[in-house]
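*Asks:* let me see the structure of the following:
(2 chains)
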Amino acid sequence: MVMPEIVIKNVSFNYSAQNTRPALDDVNLRIAAGSFVGIVGHTGSGKSTLVSLIDGLGKPTSGQIQVGTATVNAQSSPEDLAQLRRHVGYVFQFPEQQLFAETVGQDIAFGPTNLGWSSERVQAAVQEALKLVGLPAEFADRSPFALSGGQMRRVAIAGVLAMKPSVLILDEPTAGLDAAATERLLTNVAQLHAAGTTILLITHQMDQIARYADQVVVMNQGHLVKSAPPREIFADPAFLAANHLNVPAAVAMSHQLRDAGVNIDPALSIDTLADQLTAKLGGKHGEQ
Amino acid sequence: MDAVTLTNIRFQYPNTNQVILDDVSLGFPQGEWTTIIGHNGSGKSTLARLIDGLLVPQQGQITVGSVPVTEENMTKVHQQVGIVFQNPDNQFVGATVADDVAFGLENRQVPRDEMQTRIQQSLAAVDMVELADAEPAMLSGGQKQRVAIAGILALEPKIIILDEATSMLDPAGRQLVLNLLQQLRTQQKYTIISITHDPAEMAIADRVVVLDQGKIIRQGPVAKVLQDVKLLQQIGVGIPAGQALRQALVDRGISVPARYFTEQEMVEWLCQKL
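*Replies:* Got it, this is the predicted structure:
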């Protein structure tokens, strides 16, 4: 199977004809297969609208969206949109609120069963999805409602992964999770990425973007204002402020040190900052 | 003086074997802001619900002010304690912002004139006067949580409990709520208890209580408790960034004073050294 590349050409989207300001305004974007893309911006900037079009949940008012071999535009039929969705899995915000079945296994099987897969294939997909999210196989027989919040979240994600999407969209996947559950979930996502899945991560957590993304898409009032590597995005404090974005803690501290005359490169993580500082502090100790 | 006192509290949910709180004794100092941290399932939210009388312990006693939390005292307890929950959409009951704040006052049968005054004052306290007639659908999550807090302030409580009240908000919304809490703290009228995973929120409180497997494993002033990075890692809560950098340097063999560093303090310390 050819891995899809996502190409968005001159896409605009209006939720209703009366709306004066479009939710998306002439967006152009290209995402290489296997990328890890962070999508960031203020609440209401158009992030969720953009990814919902990539998932074929609606069609653009104008312009064209291509995922792999499937292409949709304003004239596309529901069948065309379904073609887009075959490539894409979308994990909504607080997906555990949508768990419904009696057992974890039945819940995860819902999507693949609807795709018309044989029961053997569905069962294999359920087991594989549980493994991907780091839950033991025995969980298949448990009630999803007897699990912790973090475990419920992972079951909901497994339900999307079971359909084997080559593009995975995650909308604030760690909201409300504690630090340990957040870490486990992000590690799972990084593993999926390493195995070749294209990841589109919507988040307000700039530390997650700095650590994992290789491309950052910045949205503001329906416009795509920048698409660039994290290093470039986080190098410009004025740009971040203008787009209501937080600065990752490591970046903020390295900027403060540079402003105070300490000669270091802007660091994206606490570890790379500590490495640079250790080299300097260690050197000084050597002189004494 | 302690605004809330728990003495030898034991709690488990019906038909389960797991003890959620195991002989917990704890005081919340009057007028201070205490955060309760611990991983999911450590008993934090249960503790909040016990203080408000939403749950009843199998053993032990809780007093709010000088009032024991018992069934017959429930009205008196609720007059003193207000809780803000996690999901802003689940606690908005009014058709407009002002209606939502009025809801609790109507339940208390506050006279109409006084009700108007209290609604105005509490909306002013959370900076939502201009949106008094707005419908919930027009509000952001942070604005809804501020309305929830206004609804509590209108009832003039002594104790405000926030159960992960900022965890579903975007950074701007979270900052609005944290700014509001900092303002309320300066008035020293309220005892604030917040349950959180957010390192920034724990760092600005006065005191931290660490719960693990139903027991208090550490408590004290923020700077003292957050100094122990190993403890924070062990219980799975986030580490404030200044402290994370201090630990990363120590791990690389640099000697850094053993105390709590905010981001600002860490940068200043480094500038002196370099």
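*Asks:* which residues touch the helix or strand harbouring residue A:113?
*Replies:* Element membership of residue A:113 [criterion: DSSP states H and E] is helix A:104-114. Here helix A:104-114 makes contact (C-beta atoms under 8 Å, 6 or more residues apart in numbering or on different chains) with A:99-101, A:121-123, A:125-126, A:129-130, A:135, A:139-144, A:147, A:155-156, A:158-160, A:162-163. Using the backbone N, CA and C atoms, a C-beta is placed for each residue, glycine as well.
*Asks:* now, of those residues, which are buried?
*Replies:* Those of the contacts of helix A:104-114 that meet the buried threshold are A:99, A:101, A:122-123, A:125-126, A:129-130, A:135, A:139-140, A:142, A:144, A:147, A:155-156, A:158-160, A:162-163, by 16 or more other C-beta atoms under 10 Å in any protein chain shown.
*Asks:* now, these that are in helices?
*Replies:* A:122, A:123, A:125, A:126, A:129, A:130, A:155, A:156, A:158, A:159, A:160 (DSSP state H).
*Asks:* make CSV from these and add pLDDT and distance to chain B to it.
*Replies:* Formatted as CSV, these follow (pLDDT from 0 to 100; distance: C-beta to the nearest C-beta, whole Å):
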residue, pLDDT, distance to chain B
A:122, 96, 30
A:123, 96, 30
A:125, 95, 28
A:126, 96, 25
A:129, 94, 22
A:130, 95, 20
A:155, 95, 15
A:156, 95, 16
A:158, 95, 19
A:159, 95, 21
A:160, 95, 21
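*Asks:* now, which of these sits nearest residue B:183?
*Replies:* For these, the minimum distance to residue B:183 (C-beta to C-beta) is 37.6 Å, reached by residue A:156.
*Asks:* spatially nearest residue to residue A:100 (excluding sequence neighbours)?
*Replies:* Ranked by C-beta to C-beta, 6 or more residues apart in numbering or on different chains and with sequence neighbours excluded, the top spatial neighbour of residue A:100 is residue A:107, at 6.7 Å.
*Asks:* same question for residue A:219.
*Replies:* Distance criterion C-beta to C-beta, 6+ apart; nearest residue to residue A:219, sequence neighbours excluded, is residue A:41 at 3.5 Å.
*Asks:* state the distance from the one you found to chain B.
*Replies:* Distance of residue A:41 to chain B, computed by C-beta to the nearest C-beta, to the nearest Å: 10 Å.
*Asks:* now residue A:249
*Replies:* As judged by C-beta to the nearest C-beta, residue A:249 and chain B stand 3 Å apart.
*Asks:* helices along the chain, start to end?
*Replies:* Since you didn't name a chain, this refers to chain A. A:47-54, A:78-85, A:104-114, A:119-132, A:149-161, A:179-194, A:206-212, A:230-233, A:237-242, A:249-259, A:270-287.
*Asks:* sorry, I should have been clearer: chain B.
*Replies:* So, for chain B - with DSSP H - the helices run B:44-51, B:74-80, B:97-107, B:112-125, B:141-153, B:171-187, B:199-204, B:222-225, B:229-235, B:241-251, B:263-273.
*Asks:* format the ones you listed as CSV; extra columns: mean pLDDT and distance to residue A:66.
*Replies:* Shown next, in CSV, are the helices of chain B (pLDDT from 0 to 100; distance: least, C-beta to C-beta, whole Å):
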stretch, mean pLDDT, distance to residue A:66
helix B:44-51, 91, 46
helix B:74-80, 91, 58
helix B:97-107, 92, 44
helix B:112-125, 92, 49
helix B:141-153, 88, 34
helix B:171-187, 86, 33
helix B:199-204, 88, 41
helix B:222-225, 91, 52
helix B:229-235, 87, 45
helix B:241-251, 93, 40
helix B:263-273, 93, 44
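*Asks:* quick check: residues of the stretch 51-200 of chain A near chain B?
*Replies:* With C-beta under 8 Å from any C-beta of the partner chain as the criterion, the stretch 51-200 of chain A meets chain B at residues A:94, A:148-150, A:175-183.
*Asks:* quick one: residues contacting the closest residue to residue A:49 other than its chain neighbours.
*Replies:* Nearest residue to residue A:49, sequence neighbours excluded (C-beta to C-beta, 6+ apart): residue A:23, at 4.4 Å. Residues counted as contacts of residue A:23 (C-beta under 8 Å, 6+ apart) are A:13, A:14, A:15, A:46, A:49, A:222.
*Asks:* distance-wise, check the residue nearest to the spatial centre of chain A relative to residue B:16.
*Replies:* When C-alpha atoms, centre = their mean is applied to chain A, the residue found nearest the centroid is residue A:201 (1.3 Å). From residue A:201 across to residue B:16, the span is 36 Å (C-beta to C-beta, to the nearest Å).
*Asks:* how about residue A:15?
*Replies:* Remark: distance between residue A:15 and residue B:16 (C-beta to C-beta) = 46 Å.
*Asks:* now do residue B:57
*Replies:* 15 Å.
*Asks:* look at these two and report which has more neighbours.
*Replies:* residue B:57 (20 against 8; other C-beta atoms under 10 Å in any protein chain shown).
*Asks:* got a list of what the more buried one touches?
*Replies:* B:9, B:10, B:11, B:21, B:50.
*Asks:* okay, residue A:171: pLDDT?
*Replies:* Note for residue A:171: predicted pLDDT of 93.
*Asks:* tell me the contacts of the closest residue to residue A:271 other than its chain neighbours?
*Replies:* Spatial nearest neighbour of residue A:271, chain neighbours left out: residue B:248 (6.1 Å); criterion: C-beta to C-beta, 6+ apart. Residue B:248 makes contact with A:270, A:271, A:273, A:274 under the criterion C-beta under 8 Å, 6+ apart.
*Asks:* okay, now the second one: neighbour count?
*Replies:* Applying other C-beta under 10 Å, we find 15 residues neighbouring residue A:271.
*Asks:* swap in the last one?
*Replies:* Each residue near residue A:274 was counted by other C-beta under 10 Å, and the total is 23.
*Asks:* so it touches residue B:241, yeah?
*Replies:* No - if you go by C-beta atoms under 8 Å, residue A:274 and residue B:241 don't touch, sitting 11.6 Å apart.
*Asks:* is it true that residue A:80 touches residue A:69?
*Replies:* No - judged on C-beta under 8 Å, residue A:80 makes no contact with residue A:69 at a distance of 11.6 Å.
*Asks:* which residue of the two possesses the greater neighbour count?
*Replies:* When residue A:80 and residue A:69 are compared for neighbours, residue A:80 comes out ahead with 15 against 10, by other C-beta under 10 Å.
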